[in-house]
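*Asks:* Need a 3D model of the following:
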Amino acid sequence: MQTIIDALLTKQPFLARKDADQVQKQAAIEDLRRKVPAPVLAHYLRLLACDRRGVAIVRNGVCGECHIRVPHAMYRSLADPADLHLCENCGCYLSLAPEERHGATKAPAPLPVARRAYRRRALAVA
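*Replies:* Residues are numbered from 1 along each chain as shown. Alright, predicted model coming up:
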């Protein structure tokens, strides 16, 4: 499935342009039809028609389209090239950044935790 996502990702900048030639766009879509299953391609083209990305890159556990943190279990399973994953928030197909593909078994960086501020008590002078 990773080859499908890579094929969609390479055509995405060209298909998302508004000023591109329609004949060339149709040729690119026909090329994708030979490589990509029909339901996947239909969802991808629907996202592009709504001026959104069809495939988003996940970096540091965050979706590149909607900038929402991806669940940890999904982030770890993105390294498996046999599955397709959709972002639960924006609906884009997810792909790991190339620099993170080999290290996807580690957890993404934890979010900073706010610390409780303590007030000093004034000493009672008798």
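*Asks:* from here on, contacts and neighbour counts on C-alpha atoms
*Replies:* Will do.
*Asks:* The chain: strands as residue ranges?
*Replies:* Taking DSSP state E as the test, the strands found in the chain are 55-59, 62-63, 93-96.
*Asks:* For the first one, C-alpha coordinates in PDB please.
*Replies:* It stands for strand 55-59. Below are the C-alpha coordinates for strand 55-59, written out as PDB (Å, rounded to 0.1, in the frame of the first residue of the first chain):
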ATOM      1  CA  VAL A  55      -2.200  12.700   1.200                       C
ATOM      2  CA  ALA A  56      -0.800  14.300   4.300                       C
ATOM      3  CA  ILE A  57       2.700  13.800   5.700                       C
ATOM      4  CA  VAL A  58       2.900  12.900   9.400                       C
ATOM      5  CA  ARG A  59       5.900  14.400  11.200                       C
END
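*Asks:* Name every strand pairing with that strand and say which way it goes.
*Replies:* Using DSSP bridges, strand 55-59 pairs in its sheet with strand 62-63 (antiparallel), strand 93-96 (parallel).
*Asks:* Could you look over these and pick the most buried one?
*Replies:* strand 93-96 (a mean of 24; mean count of other Cα atoms under 10 Å).
*Asks:* what does it contact?
*Replies:* Strand 93-96 is contacted from outside by 5, 44, 54-59, 63, 78-79, 84-87, using Cα atoms under 8 Å, 6 or more residues apart in numbering.
*Asks:* all helices in this protein, in order from the N-terminus.
*Replies:* Listed in chain order, the helices of the chain (DSSP state H) span 2-16, 22-35, 38-49, 72-77.
*Asks:* what sits opposite the one residue sitting closest to the centre of the chain in the beta ladder?
*Replies:* Nearest to the geometric centre of the chain sits Ala56, at 3.2 Å (Cα atoms, centre = their mean). Here Ala56 sits in beta bridges with Leu94, as judged by DSSP bridges.
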